[in-house]
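Trainee: What follows is a predicted protein model with its sequence.
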Amino acid sequence: PKWVYSFGGGHADGSAADKDRLGGKGAHLAEMSRIGLPVPPGFTIATDMCAAYYENGRKLPDALRPMVDEALVQMASYTGAHFGDVEHPLLVSVRSGARASMPGMMDTVLNLGLNDETVEGLARRTGERRFAYDTYRRFIQMYADVVLGVDHGLFEDILENYKALKGYELDPELQAEDWIEIVARFKSLVEKELGLRFPQSLRDQLWGAIAAVFGSWQNARAIAYRRLHDIPDDWGTAVTVQTMVFGNKGDNSATGVVFTRNPSTGENELFGEFLLNAQGEDVVAGLRTPQPLTKQASAANGNGKVSLEEAMPEAFAKLKHNCAALERHFRDLQDIEFTIEAGELFMLQTRAGKRSTQAALKIAVDMAGEGIITQEEAVMRIDPAHLDQLLHPTLDPNADMTVLAKGLPASPGAASGEIVFDADEAVHLKSQGHTVILARIETSPEDVQGMHAAAGILTTRGGMTSHAAVVARGMGRPCVAGVAAAHIDLERETLEASGVVLRKGDIVTIDGSSGKIIKGRVTMRQPDLSPDFATLMEWADGLRRMEVRANADTPADAGMHRDFGAEGIGLCRTEHMFFQDNRIVAMREMILAETKEARRAALAELLPEQRQDFMALFKIMKGLPVTIRLFDPPLHEFLPHEEDAIADVAEAMGVEIARLSRRIAVLSEFNPMLGQRGARLLVSYPEIVDMQARAIFEAAIESGKELHDRVRPEIMVPLVATKRELDLIKERIAETARAVEKERETTLAFQVGSMVELPRACLVAGEIAESAEFFSFGTNDLTQTTFGLSRDDAGRFLGEYADKGIINHDPFMTLDAAVGELMEIGVERGRAVRPDLKIGICGEHGGDPETIGFCEKIGLTYVSCSPYRVPVARLAAAQAAV
Ligand code: PEP
Ligand code: MG
């Protein structure tokens, strides 16, 4: 098999199409080389070697050696530098690169190829002894840490002690002789720690580094990251070995990161930062504050730092040109690493840039406008799950607030929560229902799960391309980075700024759009959606087949849904209309009534309120379909349980407490979710149907007059298991309809349909469809009853089930495949009887993008979902249809 793919000198064995085998980095390096960009030559060992490495007992197979040797010779042919040649030594970097980007999760070794001899050769050839030995000590430190397992901090200690001894403050003050001394001390540290000399064989070094990078695929943080991002363990990583170029060769050298557009706002401008006379890791580590790339950014930030555009105009012009070429070539925002060595620009990496949702929208819409991508592609580029971020609140500009400090606006959105200083603690508190803001000096890949658990992230160090900023944007978490004016004491778990000390658990607010850190909670405002949002949604609407409706219980909800673009109401849970304070009394009276007369009296009180609500709903929805579900109260949710509450209800009902308690005991069920709910309640108490049908019809007539249009309500019966249940209830509805038509001397148009939320209903869907004029899948109950898993109690142990790999996801969030199969049966059998049967879904799953994809596949007519999910569903439905 071919394991090694060379690139360089305008050629490459592989291309961008080989991402699966070469990893993102390797494939893109190959592609950049092909299109003639200045890429330092190198080779990539394919991802299948990763599996081979593990199968071989964490050893590289011997067959790989000659392939690597050959590739090294080819590299030499491009640069003239030879691996192991003392006079013209070749130095390489060894990096990981998986199919999906896993930033910083795996290991890297830089400056490999130095030993006591080649370092002298490098010094002679470059005429820079200081540079050569600085490079050597960097290599020893990194290699010892990554490959040999010697703690990084021990090297830092040596360096710090040495500097203190000599009275140096900064690394640039160290001379060649100093670095030579440091190298000696580093080597003896390794010897002391391992009882071995630091390896002088370059082949051993290279072999060790390649093996270590493959080995880092299975380190704890890489595994955790894959869990979080659903990346399969068996993909493996590729390893890229590439000629080193040096950004630390003096003041006409530099290294930096550039995004082809602003990844925070989406603005079409180069965005990034660089460090003069530095190596790549220095930028990422955030130890020195980088400088802006463009004159414009330099002016805007006002920190007086010279931009690359000003410092190295020629190299900047080339960079700008290459950025444009890469963006056009890959047809997406690129996140690029570059190095300038003695005035010469090299492109080291390019990948699709992570971006905030706002930026994603703007970039997709702009690129479609610029003709780089099609509108359909623009729609496909937005992750529906991230739209949530746009719909999140922002700070109310008029709110009172105590701003403690300002940092970089690294990822938009605002959040308030308890401040915590430890990632694991963030995870723990989140699992207990707390909302937390994770505060760190800087973040590292170990913090990723804590960042995910946090509502927002703040760091006191690092720039807009720091780990915290990049990861937060990708996750859609608000983030303020580099709040230099704040001091975090990790030991004492405090953050101090402007003379205020916040302790762990204190409430803090961060605004990732302005960079503000604010004491306490701040009132928030609903977001203004950008015109790009509307544009993209319009394109999405043009592509989708399924309708998107909303679950709305109150007229206020319905108003909001219309704003988000719902095309009707797919579920109005009428019992929820009575959850509010004074209304619940009448509802309880109705439920607790001992006689038909008492119940009718209580229902008579409910009637005007119901009619009122329905009228408001119909008017807001202006002729769009409104699906009203008859009462489905799990009785326990409405019965008073505590003594005080029972006493209150008794008083309101004018009955004795003891009598009421007896009635509650009679009605109480062992398993209310499977008790006298839904259709069962309506069969036993048909007077409820009479009242609700009357309220619906009278409201339809009244609002129809106002709208000058006929209102055609869709009445839905919950928890139907048999056709006969539905028939009984349907007949009651029809009787009421006839009565109202007669009283009002008019005719009514309406449909009666069935919820399909029990396995039995799916199986007998053919029979039910003889009576039902539409179906709506209640996947909450269908999941509960298919699994025999209580909706209200499952949370307690589903977490453990996920940890133990029993389930991949919470079946109450993303539809389970077996539940899906029941739905498929329901659709098939229902439509066999009534081919044009309208079928929707109204469980929580109706707003889940993956489930929506499934609904498209099985041909549902519409999905209906809860607040804020409507845009998500519109987009997901469009993507499913493409
Ligand atoms: C369902 O069961 O999916 C449903 C929509 O009804 P409810 O959640 O009210 O039981
Ligand atoms: Mg239900």
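Mentor: Cool, got the structure. Numbers count the residues shown, from 1 in each chain. Ligands and ions are numbered 1, 2, ... in the order given.

Trainee: drop to CA atoms for contacts and neighbour counts, all remaining ones
Mentor: Will do.

Trainee: give me phi/psi at the residue lying closest to Ile839 once chain neighbours are set aside?
Mentor: Once flanking residues are discounted, Ile839 sits nearest to Phe775: 4.7 Å by Cα to Cα, 6 or more residues apart in numbering. With angles defined as degrees, to the nearest 10, Phe775 sits at phi -120, psi 150.

Trainee: what about Phe775, how many neighbours?
Mentor: Other residues lying near Phe775 total 27 when counted by other Cα atoms under 10 Å.

Trainee: and if you look at Phe638?
Mentor: Residues lying near Phe638 (other Cα under 10 Å) number 17.

Trainee: shouldn't it be in contact with Arg588?
Mentor: Yes. Phe638 is within contact range of Arg588, at 6.4 Å (criterion: Cα atoms under 8 Å).

Trainee: picking that back up, for the residue nearest to Ile839, give its distance to Thr851.
Mentor: With distances taken as Cα to Cα, to the nearest Å, Phe775 is found 17 Å from Thr851.

Trainee: can you pull up the bridge partners for the residue nearest to Ile839?
Mentor: Taking DSSP bridges as the rule, Phe775 bridges to Ser754, Ile839.

Trainee: Am I right that it is in contact with Lys838?
Mentor: Yes. Assessed by Cα under 8 Å, Phe775 is found in contact with Lys838 at 6.4 Å.

Trainee: how about Asp810, what does it touch?
Mentor: With contact set as Cα atoms under 8 Å, 6 or more residues apart in numbering, Asp810 has these partners: 798, 802.

Trainee: Am I right that it sits in a strand?
Mentor: No. Counting by DSSP: H, G, I helix; E, B strand; the rest coil, one finds Asp810 to be coil, located in no strand.

Trainee: quick one: pLDDT of it?
Mentor: The score at Asp810 is 79. That number is its pLDDT.

Trainee: Roughly how far does it sit from ligand 1?
Mentor: Asp810 is 15 Å from ligand 1, where distance means Cα to the nearest ligand atom, to the nearest Å.

Trainee: what helix or strand is the residue lying closest to Ala224 once chain neighbours are set aside on?
Mentor: Leaving aside its chain neighbours, Ala224 sits nearest to Gln449 (7.8 Å; criterion: Cα to Cα, 6+ apart). In this assignment (DSSP states H and E), Gln449 forms part of helix 448-453.

Trainee: which helices and strands sit right next to that helix?
Mentor: Counting contacts by 3 or more Cα pairs under 8 Å, 6 or more residues apart in numbering; DSSP states H and E, helix 448-453 is packed against helix 220-229, helix 423-431, strand 436-440, helix 467-475.

Trainee: hmm, who's touching the shortest one?
Mentor: Applying Cα under 8 Å, 6+ apart, the contact partners of strand 436-440 are 415-423, 426, 429-430, 450-451, 453-460, 488, 508-509.

Trainee: And stretch 539-549, by the same measure?
Mentor: With contacts defined as Cα under 8 Å, 6+ apart, stretch 539-549 is touched by 375-376, 379, 566-570, 856, 860-865, 870, 873-875, 877-882.

Trainee: Mind listing what's buried along it?
Mentor: Going by neighbour count (16 or more other Cα atoms under 10 Å), the buried part of stretch 539-549 is 539-541, 543-549.

Trainee: do stretch 264-274 as well
Mentor: Neighbour-count burial for stretch 264-274 flags 264-266, 268, 270-274 (criterion: 16+ other Cα under 10 Å).

Trainee: what's next to stretch 832-847, contact-wise?
Mentor: 551, 570-571, 766-767, 769-770, 773-781, 812-815, 827, 830-831, 851-852, 860-866, 869-870, 872-873.

Trainee: please redo it, this time with the cut-off set to 7 Å
Mentor: Contacts to stretch 832-847, defined as Cα atoms under 7 Å, 6 or more residues apart in numbering, come from residues 570-571, 766, 769-770, 773-780, 813-815, 831, 851-852, 860-866, 869-870, 872-873.

Trainee: just stretch 627-647 next, same as before
Mentor: Against stretch 627-647 from outside (Cα under 7 Å, 6+ apart): 569-575, 588, 657, 668, 672-673, 677-678, 692, 713-718.

Trainee: Kindly report the same for stretch 52-60.
Mentor: The contact list for stretch 52-60, computed with Cα under 7 Å, 6+ apart, reads Ala211.

Trainee: and the contacts of stretch 539-549, which of them are in helices?
Mentor: 375-376, 379, 856, 870, 873-875, 877-881 (DSSP state H).

Trainee: Save those as CSV, and put in distance to Gly515, neighbour count and pLDDT too.
Mentor: Listed next are these as CSV, based on distance: Cα to Cα, whole Å; neighbours: other Cα atoms under 10 Å; pLDDT from 0 to 100:
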residue, distance to Gly515, neighbour count, pLDDT
Gln375, 33, 20, 97
Glu376, 34, 18, 97
Val379, 30, 26, 98
Glu856, 41, 21, 98
Val870, 30, 27, 89
Ala873, 31, 32, 95
Arg874, 32, 30, 96
Leu875, 30, 30, 97
Ala877, 35, 31, 98
Ala878, 35, 25, 98
Gln879, 34, 24, 98
Ala880, 37, 22, 97
Ala881, 39, 16, 97
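
Trainee: So which residue is dead centre in the protein?
Mentor: By Cα atoms, centre = their mean, the chain has its centre lying nearest to Met475, at 4.1 Å.

Trainee: excluding its backbone neighbours, what's nearest that residue?
Mentor: In space, and not counting its chain neighbours, Met475 is closest to His452: 7.1 Å by Cα to Cα, 6+ apart.

Trainee: before we move on, the earlier item: which of the buried residues of stretch 264-274 fall within strands?
Mentor: 271-274 (DSSP state E).

Trainee: between those, which is closest to Gln612?
Mentor: Phe271 (55.0 Å; Cα to Cα).

Trainee: Identify the residues contacting that closest one.
Mentor: By Cα under 7 Å, 6+ apart, the residues touching Phe271 are 258-262, 293.

Trainee: Right, I'll call it a day here.
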